[in-house]
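Undergrad: This is a predicted model, with the sequence first.
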Number of protein chains: 2
Amino acid sequence: MDEYFESYEELDIHQLMLSDKTRVLTYKNAIFNMKDEFQGKIVMDVGAGSGILSIFCAQVGAKKVYAVEASMLVKTIEQVLIENNIQNTVEIIHSKVEDIDPNSLEKVDIIISEWMGFYLVHEGMLDSVLFARDKFLQKDGLLFPSIAKLYASPCQLPSMYEFWDNVCGVSMRCIGKEYRKIKSMKPEVLLLNQDNLLAEGKLLAWLDLNCISIEELNLLGGDDYVSVCEKNGRYQGICIWFVVEFPDGSKLSTAPYDEATHWKQTAIVLPTDTKVIEKEPIAFKLELKKDTSNPRRYNIELNLLDAEEVEHDIPCNCHMTKCIVTKMYIENQANNESALSTE
Amino acid sequence: MDEYFESYEELDIHQLMLSDKTRVLTYKNAIFNMKDEFQGKIVMDVGAGSGILSIFCAQVGAKKVYAVEASMLVKTIEQVLIENNIQNTVEIIHSKVEDIDPNSLEKVDIIISEWMGFYLVHEGMLDSVLFARDKFLQKDGLLFPSIAKLYASPCQLPSMYEFWDNVCGVSMRCIGKEYRKIKSMKPEVLLLNQDNLLAEGKLLAWLDLNCISIEELNLLGGDDYVSVCEKNGRYQGICIWFVVEFPDGSKLSTAPYDEATHWKQTAIVLPTDTKVIEKEPIAFKLELKKDTSNPRRYNIELNLLDAEEVEHDIPCNCHMTKCIVTKMYIENQANNESALSTE
């Protein structure tokens, strides 16, 4: 664990995160939109980092903000607080949240945290946020964010495939093959163009942070999914992204069709690709399992399934006969019912 | 040295370099523009990497191309050659160029190499190219590229300064100060906007690869330079970039005002900045010294000088009285001469 806090001390990472305007401004707006909820309240910022979220909370009138940060960054936060003249409102707690004596602290009204890692949970610190919730949050206290959703969709990966077909007039398919062999061994963080999504995102996980338990984070996803292609293309990988939601309803999305963030997207690269056509079903099983030796890491397992052998959504838009028939049947039922109701 | 070849095996770096279209297409065009020079000739590609330059040479009709590559990438090049059906033209030599027995090889007509590192010489392999020139290039043989120039100019560094003044409404100047303290300790590779250059680039080094010796690479720059600000701004660092030129006259430039490349620019960050105004002279001494323990590395030394105490160019556009007077005197001389010649 110590290693983690060491690496996060690196100012470069904080520069990168503070430069991610989508990230910072979504938090800022979520806080400022709910100004009334913060006024006179006690807030805890779990993993305060540079302290920017604590400062936003102070700016909207929180009575007290506990900025919990385990790394040596606390020295920097201290200076930032003085620079912004809020050292009396924000109190730095130099500790992991797990190590704070629960009797030393009053309960808080709001917990705020930017805990998300790549594909939501990689090197993230949701466990610590839930720990803080259980130990320090008032009954009916607020969490910022309060909901997290994880999505996946089959996709094209041109930098892994097409790129190697023609590099300024030279065919380098054999390098591409080797490249994909390496890249398919672990999740690849990259920016995808929304045109490269083949289908709508399937919801892998919907985490209500108000009530989910730490144990429930051991396995995310794990179902069989059937995505229906929205266009002709090539099935070259699975794209994973997440969205978190705040109590005011605002969202921070890392989807390929939303503004890019420093989280980008994560792709599971397939070593070989397949041609797919519009309305074709793509079936897969995807699970993210918490690593037993390092709870801040997840192992991702992707299984490609036969679309003939798994259950599809009902109704399903795919071109398989059973789904066309089911869909027609449902539509007829609906028509009959509406016909009956108009008689 | 072994470490270097290991790290270059990483396919990711080659993907990055092959994705740099400015880089690849400038080489390709320089070769294709001089097609006639390649036809029936013998070429050596020093540090062939993915083999793409060797393939371009074969495509324009070289009789033989020696692709010299020390890393395990040779296995990949072999496959690429077969894929492009030129395995008979390109011969892979799995060796450092320094280790090739000179008697085992005929002299070559052309040496091509993409040897440039960050700020031209960092982790570059110009020494190897000059070694190859001395051992293997015919008298009057061609070098691609044949000239390399290194430039520097005072600049603004907004990501090091202004960024911290206002991070989404929060003042973080104290972090900026710490950040610059760290960043000023070694050269920083970053992309600068041309608006952030304060003056024209000063030529630190002009290397004619046809005749320069390896010893002459021990020290680049080392003079006193006086840059004249072209606008009001803040002097926050020195920006370094390079340009290489090919025998057909084409150029590969990494200047902030040219198309971005994977080399970006390199900045020497000043820990504190100074306000400057248009026509103000900025004097500095900048030298790049080859590291005695690792000849592929350079130590950069920047000294800020007092513009009053160093010699300026003649004429100089700066606002200092001596330069205004000198410039007027020269212009008068020129007017008198042209008046005389019209009489």
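TA: Happy to help now that I have it.

Undergrad: in stretch A:60-71, what counts as buried?
TA: By neighbour count with 16 or more other C-beta atoms under 10 Å in any protein chain shown, stretch A:60-71 contains the buried residues A:Val60, A:Ala62, A:Lys64, A:Val65, A:Tyr66, A:Ala67, A:Val68, A:Glu69, A:Ala70, A:Ser71. In this view, the C-beta of every residue, glycine as well, is placed from N, C-alpha and C.

Undergrad: Include distance to chain B and pLDDT when you put the residues you listed into CSV, please.
TA: CSV is the format used below for the buried residues of stretch A:60-71 (distance: C-beta to the nearest C-beta, whole Å; pLDDT from 0 to 100):
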residue, distance to chain B, pLDDT
A:Val60, 11, 98
A:Ala62, 15, 98
A:Lys64, 18, 98
A:Val65, 13, 98
A:Tyr66, 18, 98
A:Ala67, 13, 98
A:Val68, 18, 97
A:Glu69, 14, 95
A:Ala70, 18, 93
A:Ser71, 14, 87
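
Undergrad: Can you tell me which of those residues end up in strands?
TA: A:Lys64, A:Val65, A:Tyr66, A:Ala67, A:Val68, A:Glu69 (DSSP state E).

Undergrad: Tell me the one of the residues you listed nearest B:His122?
TA: Distance to B:His122, by C-beta to C-beta, is smallest for A:Glu69 among these, at 35.3 Å.

Undergrad: got the contact list for that closest one?
TA: By C-beta atoms under 8 Å, 6 or more residues apart in numbering or on different chains, the contact list for A:Glu69 reads A:Gly47, A:Ala48, A:Gly49, A:Gly51, A:Ile77, A:Ile92, A:Ile93, A:His94.

Undergrad: Assign a three-state SS to the fifth one, would you?
TA: Following DSSP: H, G, I helix; E, B strand; the rest coil, A:Ile77 is assigned to helix.

Undergrad: And for it, nearest residue in space, chain neighbours not counted?
TA: With sequence-adjacent residues excluded and distances taken as C-beta to C-beta, 6 or more residues apart in numbering or on different chains, A:Ile77 is closest to A:Gly51, at 3.8 Å.

Undergrad: residues near that neighbour, how many?
TA: 28 (other C-beta atoms under 10 Å in any protein chain shown).

Undergrad: so it touches A:Ile82, yeah?
TA: No: using C-beta atoms under 8 Å, A:Gly51 makes no contact with A:Ile82, being 11.0 Å away.

Undergrad: ok, now which ones touch the residue of the stretch 201-343 of chain A found nearest chain B?
TA: Closest contact between the stretch 201-343 of chain A and chain B, by C-beta to the nearest C-beta, is at A:Val269 (12.7 Å). Listed by C-beta under 8 Å, 6+ apart, the contact partners of A:Val269 are A:Leu157, A:Met160, A:Arg180, A:Lys183, A:Ser184, A:Glu188, A:Gln236, A:Gly237.

Undergrad: at 7 Å instead, please
TA: Shown in contact with A:Val269 (C-beta atoms under 7 Å, 6 or more residues apart in numbering or on different chains): A:Leu157, A:Met160, A:Arg180, A:Lys183, A:Ser184, A:Glu188, A:Gly237.

Undergrad: Which one of those sits in the busiest neighbourhood?
TA: A:Gly237 leads the contacts of A:Val269 on contacts (other C-beta under 10 Å) with 29 neighbours.

Undergrad: tell me the strands in the stretch 1-150 of chain A, going along the chain?
TA: A:42-46, A:64-69, A:90-94, A:108-112, A:137-144, A:147-155 (DSSP state E, counting those that start in this stretch).

Undergrad: Need the ones you listed in CSV (columns: distance to B:Ile31).
TA: CSV is the format used below for the strands of the stretch 1-150 of chain A (distance: least, C-beta to C-beta, whole Å):
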stretch, distance to B:Ile31
strand A:42-46, 57
strand A:64-69, 55
strand A:90-94, 60
strand A:108-112, 57
strand A:137-144, 57
strand A:147-155, 36
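
Undergrad: so A:Ala339 is in which element?
TA: helix A:321-342 (DSSP states H and E).

Undergrad: which of the residues in that helix are buried?
TA: A:Cys323, A:Thr326.

Undergrad: quick one: contacts of that helix?
TA: Here helix A:321-342 has contacts from A:His312, A:Ile314, A:Pro315, A:Cys316, using C-beta under 7 Å, 6+ apart.

Undergrad: Now flag whichever of the ones in strands among the buried residues of stretch A:60-71 is closest to A:Ile86.
TA: A:Val65 (8.3 Å).

Undergrad: residues in contact with the closest one?
TA: A:Val43, A:Asp45, A:Ser54, A:Cys57, A:Ala58, A:Thr89, A:Val90.

Undergrad: Determine which two of those residues are furthest apart.
TA: That would be A:Asp45 and A:Thr89, which, of these, are the farthest apart (C-beta to C-beta) at 11.8 Å.

Undergrad: which of the two has more neighbours?
TA: A:Asp45 (31 against 19).

Undergrad: my guess is the more buried one meets A:Ala67, correct?
TA: Yes: using C-beta atoms under 7 Å, A:Asp45 makes contact with A:Ala67 at a distance of 4.9 Å.

Undergrad: Neighbours of the closest residue to A:Gln194 other than its chain neighbours, how many?
TA: Nearest non-adjacent residue to A:Gln194, counting by C-beta to C-beta, 6+ apart: A:Tyr257, 3.9 Å away. Neighbour count of A:Tyr257, defined by other C-beta under 10 Å: 12.

Undergrad: so can I have a markdown table of the contacts of A:Val269 showing secondary structure?
TA: Listed next are the contacts of A:Val269 as a markdown table, based on three-state DSSP:
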| residue | secondary structure |
| --- | --- |
| A:Leu157 | coil |
| A:Met160 | coil |
| A:Arg180 | helix |
| A:Lys183 | helix |
| A:Ser184 | coil |
| A:Glu188 | strand |
| A:Gly237 | strand |
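
Undergrad: which one of those residues sits closest to B:Ile13?
TA: A:Lys183 (13.9 Å).

Undergrad: Hmm, A:Ser159 and that closest one touching each other?
TA: No: A:Lys183 is not in contact with A:Ser159 according to C-beta under 7 Å; the separation is 9.5 Å.

Undergrad: picking up where we left off before, just the element for the residue of the stretch 201-343 of chain A closest to chain B, please.
TA: Assigned by DSSP H and E, A:Val269 falls in strand A:265-276.
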